[in-house]
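Trainee: give me a model of this one.
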Amino acid sequence: MGKLALAAKITHVPSMYLSELPGPRQGFRKPAINGHIEIGRRCRELGVDTIVVFDTHWLVNANYHINCAAHFKGLYTSNELPHFISNMAYVFPGNPELGRILADACNTMGVETMAHDATTLAPEYGTLVPMRYMNKDQHFKVISVSSLCTSHYLNDSARLGWAMRKAVEDHYDGTVTFLASGSLSHRFAQNGQAPEFATKIWSPFLETLDQRVVQMWQNGEWQDFCSMLPEYAAKGHGEGSMHDTAKLLGALGWSNYDANVEVLTPYFAASGTGQINAIFPVTPQDGSAIPAPSASNPNGVVSTSRL
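Mentor: Reported below is the predicted structural model:
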């Protein structure tokens, strides 16, 4: 019935918003913003009606959660970096129908998930920043999925991604995009050193590790990448323990994924962290490589909290 038309790993650095404002940093995140604008353009070209964001700024301690309210509107100030994002206006429609479909499919596949379609819960900036540039005209409906998962297995996140793809394909009459909104390495500069590291990675080790991962993505080395993801998430300080990336790869077939990534915004640094905008082409998959639920496979792919 439906179609997953586009998948991407994206940045959401708050300095993108800061770079809009007058001051010494004005314009310095233009490549990242242009990458978002290009993703929005491609989504329009592909007939996408809803963007599903795996948001590594939405922290949850139990279950997986889907924010699928009918409409979102407000002013957002970051509690983490209020000097970067303050009173940023946002407005866009949601998609309660699809949110419920996604949750039902995840539960059927053994990943406990809750859809919140009647809620005052506002999206986090892992969703709000990308939508500012991809969806300025409110063309797309938006769903946010919790991806800062503190007590979760990565194999469950991969399984959730696959369940959501199958839900779209089998039960939804529309066209959807999945976005993994989070960084590569996510070691922030130490307090007092942030300005010095505005355009630098925190350490040569992390930069080398990230660059090798991007190379693996471009070369299609998915068996190796999926096997190393838990250790990469831990030793590379992956944002949200890289649950967004596990969800994205799960939707694409996990270790059986067979495409090469297209980099839109080349790897760059932000306050010590490693960032990118990259398209993961969607290819036909049968789901045979998707990990079993953690309850039946406790020694499978684990989250960094269990390493």
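Trainee: give the next helix or strand downstream of the worst-scoring helix or strand of the chain on mean pLDDT.
Mentor: Taking mean pLDDT, DSSP states H and E as the measure, helix 15-18 is the helix or strand of the chain with the lowest mean score, a mean of 93. Per DSSP states H and E, the first helix or strand lying C-terminal to helix 15-18 is helix 30-45.
Trainee: quick one: mean pLDDT over that next one.
Mentor: Across helix 30-45, pLDDT averages out at 98.
Trainee: which SS state does residue 168 fall under?
Mentor: Judged by DSSP: H, G, I helix; E, B strand; the rest coil, the three-state class of residue 168 is helix.
Trainee: would you mind measuring from the closest residue to it other than its chain neighbours to residue 49?
Mentor: Distances taken as C-beta to C-beta, 6 or more residues apart in numbering place residue 2 nearest to residue 168, at 4.3 Å, with adjacent residues excluded. Using the backbone N, CA and C atoms, a C-beta is placed for each residue, glycine as well. The gap separating residue 2 from residue 49 is 9 Å, by C-beta to C-beta, to the nearest Å.
Trainee: and the next helix or strand past the host helix or strand of residue 179?
Mentor: Using DSSP H and E, residue 179 sits within strand 175-181. Later in the chain than strand 175-181, the nearest helix or strand by DSSP H and E is helix 204-219.
Trainee: and that following helix, C-alpha only, in PDB?
Mentor: Output of helix 204-219 as PDB, limited to C-alpha atoms (Å, rounded to 0.1, in the frame of the first residue of the first chain):
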ATOM      1  CA  PRO A 204      41.800  12.900  16.700                       C
ATOM      2  CA  PHE A 205      40.600   9.400  17.700                       C
ATOM      3  CA  LEU A 206      36.900  10.400  17.400                       C
ATOM      4  CA  GLU A 207      37.500  12.200  14.100                       C
ATOM      5  CA  THR A 208      39.300   9.200  12.700                       C
ATOM      6  CA  LEU A 209      36.600   6.800  13.900                       C
ATOM      7  CA  ASP A 210      33.800   9.000  12.400                       C
ATOM      8  CA  GLN A 211      35.600   9.400   9.100                       C
ATOM      9  CA  ARG A 212      36.100   5.600   8.800                       C
ATOM     10  CA  VAL A 213      32.400   5.100   9.600                       C
ATOM     11  CA  VAL A 214      31.400   7.500   6.800                       C
ATOM     12  CA  GLN A 215      33.700   5.600   4.400                       C
ATOM     13  CA  MET A 216      32.000   2.300   5.400                       C
ATOM     14  CA  TRP A 217      28.600   3.800   4.700                       C
ATOM     15  CA  GLN A 218      29.700   5.100   1.300                       C
ATOM     16  CA  ASN A 219      31.300   1.700   0.500                       C
END
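Trainee: please consider this matter closed, and thank you.
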